[in-house]
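**Student:** Sequence first, predicted coordinates after that:
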Amino acid sequence: MSLFKNEIKLMLKSKMIVFLILVSCIAATTGINSLNMSNDFDLFYIRRSSSTIAFGAVRFGASICALLFGLFTVLTLDKDKKKRSKGIIESNINYHRLMIIRILAIVFYEVIATIIGMMAVIAIQKFVFGIPIDIFYYLFNYWIIFFPSLLFSTLIVSGLYLLTDSLDISFIALGILFVKSLTSNNYLFTWVQTNLDIISDFAGIQPVGQTIIYNRLLWIFISISIFGVGLLFKRRYEFNLKESFLINIKSKILILLVVIAVLGSGFTYIKEPYTMELIRNMETNIDENISLTGLKPEIIFDNEKGEMYGRVLYDFINKGSDSITFHTNEGLNIDSIKVNGKEVKYRENKGKIEIPISNIEEIEIMISYGGKVKTDKNGVGRGMPGYISKDSIYLLENSNWIFRPLVKEGDSIKISGYYSAPEYLTMVVPGRLIATEIEGQLKKWIFEYNSHTADIGAFAGIYEKHQINFKNMNIEFYYSPRHEEYVQNMKIEEYIKNMMKYYIENIGDYYSDIYPLKVAEVALYKRGGHSSENVITISENMLNRDKAMYSVIGDDNTQYRGMDIDIFMSDISTIAHEIAHQWWGTGVKVIEDSPWSCEGLAQYMSYKYIQSEFGDMESNLFLSRWESRVRELNNYYYLNNSEMLDKINEKYRKSLEMEKLQSELYYLMPIKLLNGEEVSGEKEFLKGIAKVYKSYLYKDLTYEEFLKEMNLSKEAVEFE
């Protein structure tokens, strides 16, 4: 203990540790504004709260402080070698023990830096911004994210130094691990920070909190493994690496520590329980002999446990197949499968099940299952297609929480059923809400609708529900009561009404007079928006920005300023895009053949709405960005030389192909449509759009059919 106290005093006298603590405070306080310093428009001007301030501070601070404490650690361990005093010290005390005590002293100061940094940010939030403190967010962010980052850095660089006996090599190796951590999409590899960009104000930290804790557990094992291996190869006296290892390996405790840490690392990585590799639509083989005609989900959500239990009844018409394949979610365990009332055995492969069926025309399959929905391996915190948490449910169809049959979809699929969730939540159900029933502490939401797609989602939250009156339409707007001030001040409801008015006037009536349009706020853990049937979702950044944005809206119209108006235009354009999908995607099923898809039509219509509402200056900004992005991708070497694609890393190749596809759907196609508008004239082109919509309502629409109806050729709309 006296040696430990002595090392603490010596480090303090060096003044380097005081500098590190000071830098930690400066980095943390600078991080309060880190969201506005990023390149992510979605996060600019987000309203400050304990969650955003604490998280921004630790995320920015951890990036700097982990590297600085790593440097300080390796300099401290190397000082005796540099001063050539190592031999003298070894002859007087157990140098092995001294090294460990020095590392513990550094960890002690990392604890001090964490406490002081946390208190500094709390003081700024309280006395500068006047925002109430939620201590939970500070405790979680500083002690689960910030402090472990410093600890891991110290343990990793210590192990590397003990292994290599080189300051340069160990610090360079730490730097490589540091950069890899910051650039990885896999949440398991991000030890410096986490792969979150922000903590949701709508859903809290619970949807991603368990993955952060699991990440920390994995890196505790990894950093101890590296440190333990370093101790095994630590140089003894004047012995070489091999001779030192033979001495160090005699320590049974050390061997046991290394074995447990290495096995723990491997087991934790392999058994990761929260994510899966989602199977993309492009990789599916549809059985054209079978058509889905009916779907009846009966789902119970246990939000406290983050679990769901359900039975789903599928009706099929079979024209000659003897099995049906379903995409599943690996976190959901099957209890039983019945075909026409009889329980059957099935074959299960990763992410899929194959169910044998009789070669008869009418097939009914009942699947009972339950568990925790797994999310996309590379989408944690940024593009999560599904989660269930205490205050929120977000389940998109592509998370396969309703097992997806790989069959044709019938012309009209009858969908009915119910979701049961805690009474304090409001469920946003697809189609039409028939009734609600209270069963203990659960509320059952019964719904039904007819659809041309089996894509079905489930969304819930602690919502404020508003009815937006527009002619004879029923528009339901669901948003967090925390964000009501912003919604009212920024006239979001008025803009939604104006979008509907513009689309009805220029495309045609809303596709249904039975099903209301439902607009629901969801967490930032899934960016942007989403549209399915009569439900669209928009991420909370569009409804939860800082009061500084209020100046964008004047008494008469928008006051043009700077970045704030660009951000606001981006938000409004995204909402307009998702609402446009109610015409192109729901009303008319657009058969995708890149660049042709419903995305291009929705982008075009949102562009036209922005042009109508705000003028050419704002809409042209979107057009110039689309053109710039398309030209940029057209200059990519590998995309221009497709024969070279097979020679590059598979992951990079897939990312390039996905980037190219998104560019074609979201940027190139709306440019082509605007070229068509220039050829035909705006008035005639919009008349043609309305004619196409009326002719193909509830039908499929191909690119060739669209061009024919619009009297256009492919050459006329090309973009060079």
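**Tutor:** Happy to help now that I have it. Residues are numbered from 1 along each chain as shown.

**Student:** which other helices and strands contact the helix or strand containing Lys683?
**Tutor:** Here Lys683, judged by DSSP states H and E, is contained in helix 682-696. When contacts are defined as 3 or more Cβ pairs under 8 Å, 6 or more residues apart in numbering; DSSP states H and E, helix 682-696 packs onto helix 492-506, helix 669-680, helix 703-709. C-beta here means a position set from N, CA and C on the backbone, and glycine is covered the same way.

**Student:** Give me the residues contacting it.
**Tutor:** Helix 682-696 has contacts (Cβ atoms under 8 Å, 6 or more residues apart in numbering) with 506-508, 583-584, 587-588, 608, 676-677, 680, 701, 705-706, 709-711.

**Student:** For it, buried residues please.
**Tutor:** Residues of helix 682-696 classed as buried by neighbour count (16 or more other Cβ atoms under 10 Å): Phe685, Leu686, Gly688, Ile689, Val692, Tyr693, Tyr696.

**Student:** And stretch 204-221, by the same measure?
**Tutor:** 204-208, 210-212, 214-216, 218-221.

**Student:** Now do that stretch: distance to the chain's middle.
**Tutor:** 15 Å (Cα atoms, centre = their mean, to the nearest Å).

**Student:** Could you measure from Met658 over to Leu665?
**Tutor:** Look at Met658 and Leu665: by Cβ to Cβ, to the nearest Å, they are 11 Å apart.

**Student:** Tell me where the model's unsure across the stretch 601-720 of the chain.
**Tutor:** 637-647 (pLDDT under 70).

**Student:** at 90 what do you get?
**Tutor:** Filtered on pLDDT under 90, the stretch 601-720 of the chain yields the residue ranges 617-619, 629-662, 716, 718-720.

**Student:** To what extent is the residue nearest to Asn378 when sequence neighbours are not counted buried, counted in neighbours?
**Tutor:** The shortest distance from Asn378 to any non-neighbouring residue, by Cβ to Cβ, 6 or more residues apart in numbering, is to Asn185 (4.3 Å). Neighbourhood size, Asn185 [other Cβ atoms under 10 Å]: 16.

**Student:** Can you classify Asn185 as helix, strand or coil?
**Tutor:** When classified by DSSP: H, G, I helix; E, B strand; the rest coil, Asn185 comes out as coil.

**Student:** Now it. Its backbone dihedrals?
**Tutor:** Per-residue torsions, Asn185: phi -90, psi -20 (degrees, to the nearest 10).

**Student:** Stretch 176-195: end-to-end distance?
**Tutor:** 17 Å (Cα to Cα, to the nearest Å).

**Student:** for the record, mean pLDDT for that stretch?
**Tutor:** Computed over stretch 176-195, the mean pLDDT rounds to 91.

**Student:** how about that stretch: buried residues?
**Tutor:** Buried positions in stretch 176-195, judged by neighbour count with 16+ other Cβ under 10 Å: 177-178, 181, 185, 187-195.

**Student:** can you redo the residues you listed as TSV with secondary structure?
**Tutor:** Converted to TSV, the buried residues of stretch 176-195 look like this (three-state DSSP):
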residue	secondary structure
Leu177	helix
Phe178	helix
Ser181	helix
Asn185	coil
Tyr187	helix
Leu188	helix
Phe189	helix
Thr190	coil
Trp191	coil
Val192	coil
Gln193	coil
Thr194	coil
Asn195	coil
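
**Student:** Nearest to Ile226 among the residues you listed?
**Tutor:** Of all the buried residues of stretch 176-195, Leu177 has the smallest distance to Ile226: 9.3 Å, by Cβ to Cβ.

**Student:** quick one, what contacts the closest one?
**Tutor:** Ile156, Trp191.

**Student:** Now do it against Ser223, distance only.
**Tutor:** From Leu177 to Ser223 the distance is 10 Å (Cβ to Cβ).

**Student:** Tell me the residues that contact both of those two, please.
**Tutor:** Ile156, Trp191.

**Student:** Listing request: residues of the stretch 401-550 of the chain with sub-threshold pLDDT.
**Tutor:** Low-confidence segments of the stretch 401-550 of the chain (pLDDT under 90): 409-412, 451-455, 469-474, 513, 532-533, 548, 550.

**Student:** Kindly report the same for the stretch 1-150 of the chain.
**Tutor:** 1-16, 33-43, 77-100.

**Student:** Name the nearest residue to Ile8, ignoring sequence neighbours.
**Tutor:** Ile8 sits nearest to Ala105 (Cβ to Cβ, 6+ apart), 5.1 Å away.

**Student:** Going by secondary structure, the one you found is in what exactly?
**Tutor:** Per DSSP H and E: helix 95-123 holds Ala105.

**Student:** quick one: that helix to chain centroid distance?
**Tutor:** 33 Å.

**Student:** What is it packed up against?
**Tutor:** So helix 95-123, by 3+ Cβ pairs under 8 Å, 6+ apart, packs with helix 2-13, helix 16-30, helix 50-83, helix 86-90, helix 135-140, helix 147-164.

**Student:** Tell me which of the ones you listed is the most buried.
**Tutor:** helix 147-164 (a mean of 26; mean count of other Cβ atoms under 10 Å).

**Student:** tell me the angle it makes with helix 16-30.
**Tutor:** Angle of helix 147-164 versus helix 16-30, following axes from the mean of the first three to the mean of the last three Cα atoms, to 10 degrees, is 140 degrees.

**Student:** helices or strands up against helix 147-164?
**Tutor:** Counting by 3+ Cβ pairs under 8 Å, 6+ apart, helix 147-164 packs on helix 50-83, helix 95-123, helix 167-183, helix 206-232.
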